[in-house]
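# sequence first, then the predicted structure, then my questions.
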Amino acid sequence: MMPFVSGDRIHLVNKKGRTYRLHLQEGAVFQFSGETIAHDDIIGLSDGSEIALSRGTRFFALKPTLAEYTLHMKRGAQILYPKDLALMPMWADVYPGATVIEAGIGSGALTIPLLNAVGEKGHLISYEIREDFAGRAIKNIEAYFSPSPLNDRLTVHQQSIYDGILEEEVDRIVLDLPEPHLVVPHAVEKLRSGGIFLCFLPTVPQIEKVVLALQESKVFESIETFETMLRPWNIDGRSVRPSLRMVAHSGFITTARKVERLIRAQVPEAPSSDLDV
């Protein structure tokens, strides 16, 4: 396990499960209820180490999970919930080495799991029309990855995907934007046969439009739409009950598979003859 280094973003978790976010810096000091600990005393420890503050209060020092990082990272656009972010790379079947188109990049919440899925040999191309969103997303992505994947396996086009897709024969298209039905004609041209189209939408009228566009294109099959709900449970000895709160509807995921149809030539009928019975 790689030890903590200066510049790492970590979480300090106490016995009550409360989390305190910390950006490690050489020479800095963490303060909590009148107690302190030098960042230098944490730097060099391994992930999961227990630490003690100046008067004995104990914490566990942990690197944040991707779900935790996503929920707490700085954002410009609204981010997707981890329950949806976990499913989208799976249902889009994003695999190591794949070439994937994403739009829009937003705050980078979807970009990070997609980059994890394509791996070091894959390539993710993100379309984002807003410069401020793209700038914020790149900062969040670079803060999560070391070294930065930019210019290696991540390319960001500051333009609207509604105007077209530059790349050819892409493996997957994953969309989190208001009008994905406008991207369907571009997907018809630029998605390879067998490739997967996936989009995330919050409302029924939006999914009606995109499903109709996919059906009318005549090149997509296995069109599916679903939503996911996450209900935590409280387990405390013999007291077992569902949580009073849950993450219910957040949006719909629609997937479709591009196919090549067999076009059969029309065989002209033989001309009739007076000799035919």
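Looks like it arrived, so ask away.
# so what's the residue positioned nearest the centre of the chain up against?
Residue closest to the average C-alpha location in the chain (CA atoms, centre = their mean): L110, at 2.3 Å. By CB atoms under 8 Å, 6 or more residues apart in numbering, the contact set of L110 is L80, L85, M88, E102, V174, D176. Every residue, glycine included, has its C-beta placed from N, CA and C.
# one more pass at 6 Å, please.
L80, D176 (CB atoms under 6 Å, 6 or more residues apart in numbering).
# G194 - how many residues pack around it?
11 (other CB atoms under 10 Å).
# what about it, which helix or strand?
Under the criterion of DSSP states H and E, G194 resides in strand 191-201.
# elements contacting that strand?
Where contact means 3 or more CB pairs under 6 Å, 6 or more residues apart in numbering; DSSP states H and E, strand 191-201 is packed against strand 170-175, strand 252-258.
# deepest-packed of those, please.
strand 170-175 (a mean of 24; mean count of other CB atoms under 10 Å).
# residues in contact with that one?
With CB under 6 Å, 6+ apart, strand 170-175 has contacts from 92, 94, 98-103, 187, 190-191, 195-199.
# low-confidence ranges in the protein?
1, 76-77, 263-277 (pLDDT under 70).
# please parse it into its domains.
9-64, 68-258 (automatic domain parsing).
# tell me which of those sits most buried.
domain 68-258 (a mean of 17).
# quick one: end-to-end distance for it.
34 Å (CA to CA, to the nearest Å).
# how far away from the center of its chain is it?
Domain 68-258 sits 5 Å away from the centroid of its parent chain (CA atoms, centre = their mean, to the nearest Å).
# distance of the closest residue to G48 other than its chain neighbours relative to S160?
In space, and not counting its chain neighbours, G48 is closest to L62: 6.1 Å by CB to CB, 6 or more residues apart in numbering. For L62, the distance to S160 equals 40 Å [CB to CB, to the nearest Å].
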